[in-house]
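Peer 1: The amino acid sequence is not available; the structure is as follows:
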């Protein structure tokens, strides 16, 4: 039963991410504004909940990633991923327009 539930949960989450990605890439201004107002707060709260669960304990280990015999020092992979996606990714320069493909410049025109 756990394997089936895990498959269903993973599939639902991936599908939701696909829908949000499609909206972000192809949505009109009104759709983008609506999604931003509803989904960004939910994503922020989700990240905060996840990161709270992975906060270092009094020994400096992640309680979620640590096993009984194999402690995982903080910051764990979840915190490093959060940094990579939320901080470092935001600081990365965008490619210059001349470096983008036709698909990236005008995705609605390229099948």
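Peer 2: Happy to help now that I have it. Computed from a prediction, not measured in an experiment: that's the story for all the values here.
Peer 1: hang on, residue 81 in a helix?
Peer 2: Yes. Per DSSP: H, G, I helix; E, B strand; the rest coil, residue 81 lies within a helix segment.
Peer 1: Any idea how many residues pack against it?
Peer 2: 13 (other C-beta atoms under 10 Å). All C-beta spots, glycine's among them, are computed from the backbone N, C-alpha and C.
Peer 1: now that we're looking at the spatially most central residue of the chain, how far away is residue 50 from it?
Peer 2: In the chain, the centroid-proximal residue (C-alpha atoms, centre = their mean) is residue 85; its distance is 7.0 Å. According to C-beta to C-beta, to the nearest Å, residue 85 and residue 50 sit 12 Å apart.
Peer 1: about what we covered before: what pLDDT does the model give the residue nearest to the centre of the chain?
Peer 2: We have a pLDDT of 90 for residue 85.
Peer 1: Could you do residue 2 as well?
Peer 2: Looking at residue 2, its pLDDT reads 86.
Peer 1: what do you get for residue 90?
Peer 2: On pLDDT, residue 90 comes in at 73.
Peer 1: again with residue 101
Peer 2: Per the predicted model, pLDDT is 58 at residue 101.
Peer 1: Please identify the helix or strand for the residue of the chain most remote from its centre.
Peer 2: Centroid-distance maximum for the chain: residue 69 at 29.8 Å, with C-alpha atoms, centre = their mean. Using DSSP states H and E, residue 69 maps to neither a helix nor a strand.
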